[in-house]
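Peer 1: Provided below for reference: sequence and predicted model.
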Amino acid sequence: MTNRFVMKCGGSTLAALPDAFFEDIRELQESGVHPVIVHGGGPAINEALGKLGIESRFVNGLRVTDEATLEVVEMVLAGRINKDIVRKLQKNGVQAIGLSGTDGRLIEVRPVENSAEVGLVGDIIGVNAALVEGVVALGYLPVIAPIGIDTAGQQYNINADTAAGAVASELGVDTMIVVTDVPGIMRTVDGEKIVLPEVTFDEIEEMIASGEIYGGMIPKVRAAMNCLHGNVREVLIVDGSAERVLSRAVREGGIGTRIVRGERAE
Ligand SMILES: Nc1ncnc2c1ncn2[C@@H]1O[C@H](COP(=O)(O)OP(=O)(O)O)[C@@H](O)[C@H]1O
Ligand SMILES: CC(=O)N[C@@H](CCC(=O)OP(=O)(O)O)C(=O)O
């Protein structure tokens, strides 16, 4: 692993991340390893929409986003969640700056192909890597909300796994770590649920087809396979509540599920 990695923090786990998780980030930074965070917030968006009487609807894992929904998505992601993560990092001694993908045109998008179905959801066409690198060079950890902007200045909703994969690709990091609420990709073998230490693209496609990978795990593995077609060497899916999960993933390996390009290592 080089001295940078992209980490996606899922909404499923954000509220429960202990101080130790952020302390672990501080220790990594002190040892010269610099993470970039892209975060989600699906459950918090659902809750905020629910309070306003707006129903949450998804098509193939993408939120159907009309203008009223987009307003709430941006408020929750770029506001509450983003600032909450920045404050938690700062409380634990990490200097952090929160950015939305619209700031400095960080994430450029165009409407997704099925926009007639899902509305204001963006397909990423560019990432302002120089901006992210500049923030890191200043000694701050960038915390990025998955909102994109098009050439006309319109903002769009983006799936957070997809956004993290695109940022990882464009920064050319070795590793993307997807922090979620399960210990990795799981499969039932001989009646027992196990965490797969490593999966290949073929195994992922099989598990999607058989329904063993479903729901929120689908955008993760799709984003993983997309960025593994570029410079990224490995994607790790790990549980945010596991002790010292990041430093173990970075220094020791053998935690969570590792997705690699091509064939299995042995
Ligand atoms: N094969 C699988 N192994 C583990 N989790 C899976 C699998 N297939 C689907 N999932 C689901 O994916 C969920 C994680 O995705 P999601 O809820 O969207 O999390 P996040 O908010 O972190 O993006 C798990 O809680 C689990 O319900
Ligand atoms: C287009 C789209 O679906 N955007 C997502 C963005 C947040 C997200 O992806 O959060 P998690 O990682 O916690 O699921 C949404 O509106 O829920």
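Peer 2: Looks like it came in fine. Ligands and ions are numbered 1, 2, ... in the order given.
Peer 1: only C-alpha atoms from now on, for both contacts and neighbour counts.
Peer 2: Fine.
Peer 1: so Arg80 versus ligand 1, what's the distance?
Peer 2: Going from Arg80 to ligand 1 by CA to the nearest ligand atom, to the nearest Å gives 16 Å.
Peer 1: show me where the stretch 51-200 of the chain has helices.
Peer 2: For the stretch 51-200 of the chain, applying DSSP state H, counting those that start in this stretch gives helices covering 67-74, 82-91, 115-118, 129-137, 160-171.
Peer 1: what does the average pLDDT come to for the longest one?
Peer 2: Confidence for helix 160-171, expressed as mean pLDDT, is 97.
Peer 1: same check on the second one?
Peer 2: Per-residue pLDDT values across helix 82-91 average out to 97.
Peer 1: and it, what does it pack onto?
Peer 2: helix 19-30, strand 96-100, strand 141-145 (3 or more CA pairs under 8 Å, 6 or more residues apart in numbering; DSSP states H and E).
Peer 1: hmm, who's touching it?
Peer 2: Asp19, Phe22, His39, Gln95, Ala96, Ile97, Gly98, Leu99, Val143, Ile144, Ala145 (CA atoms under 8 Å, 6 or more residues apart in numbering).
Peer 1: one step back: okay, the helices and strands packed on helix 82-91 in JSON lines with distance to ligand 1, mean pLDDT and mean neighbour count next?
Peer 2: Formatted as JSON lines, the helices and strands packed on helix 82-91 follow (distance: least, CA to the nearest ligand atom, whole Å; pLDDT from 0 to 100; neighbours: other CA atoms under 10 Å):
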{"stretch": "helix 19-30", "distance to ligand 1": "15", "mean pLDDT": "95", "mean neighbour count": "18"}
{"stretch": "strand 96-100", "distance to ligand 1": "18", "mean pLDDT": "98", "mean neighbour count": "22"}
{"stretch": "strand 141-145", "distance to ligand 1": "13", "mean pLDDT": "98", "mean neighbour count": "27"}
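Peer 1: closest to Pro111 out of the contacts of helix 82-91?
Peer 2: Nearest to Pro111 among the contacts of helix 82-91 is Ala145, at 17.8 Å by CA to CA.
Peer 1: how close does the closest one sit to ligand 2?
Peer 2: In terms of CA to the nearest ligand atom, Ala145 sits 8 Å off from ligand 2.
Peer 1: likewise Gly134?
Peer 2: From Gly134 over to ligand 2 (counting by CA to the nearest ligand atom), the distance is 25 Å.
Peer 1: that residue: neighbour count?
Peer 2: 12 (other CA atoms under 10 Å).
Peer 1: can you start the count at 43 instead of 1 from here on
Peer 2: Got it, the first residue is 43 from now on, which makes the last one we talked about Gly176.
Peer 1: contact residues of the protein facing ligand 2?
Peer 2: The chain comes close to ligand 2 at residues 52-54, 82-84, 104-105, 163, 199-203, as judged by CA under 6 Å from any ligand atom.
Peer 1: indicate which one of the helices and strands packed on helix 124-133 is closest to Val292.
Peer 2: Per CA to CA, nearest to Val292 of those: helix 61-72, 8.8 Å.
Peer 1: need the contact partners of that closest one.
Peer 2: 76-77, 130-131, 134-136, 282-283, 285-289.
Peer 1: in ChimeraX, how would I select just the buried ones from those?
Peer 2: Remark: buried members of those, expressed as a ChimeraX selection using 16 or more other CA atoms under 10 Å:
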select :76,77,130,131,134,136,282,283,287,288,289
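Peer 1: Cys269 contacts Gly214, correct?
Peer 2: No - between Cys269 and Gly214 there is no contact under CA atoms under 8 Å: 9.3 Å.
Peer 1: that older thread, farthest-apart pair in the contacts of helix 124-133, please.
Peer 2: Longest span within those, CA to CA: Asp61 and Leu141, 21.7 Å.
Peer 1: give me the neighbour count for the closest residue to Gly282 other than its chain neighbours.
Peer 2: Closest residue to Gly282 apart from its sequence neighbours, by CA to CA, 6 or more residues apart in numbering: Val221 at 5.3 Å. Counted with other CA under 10 Å, residues neighbouring Val221 total 27.
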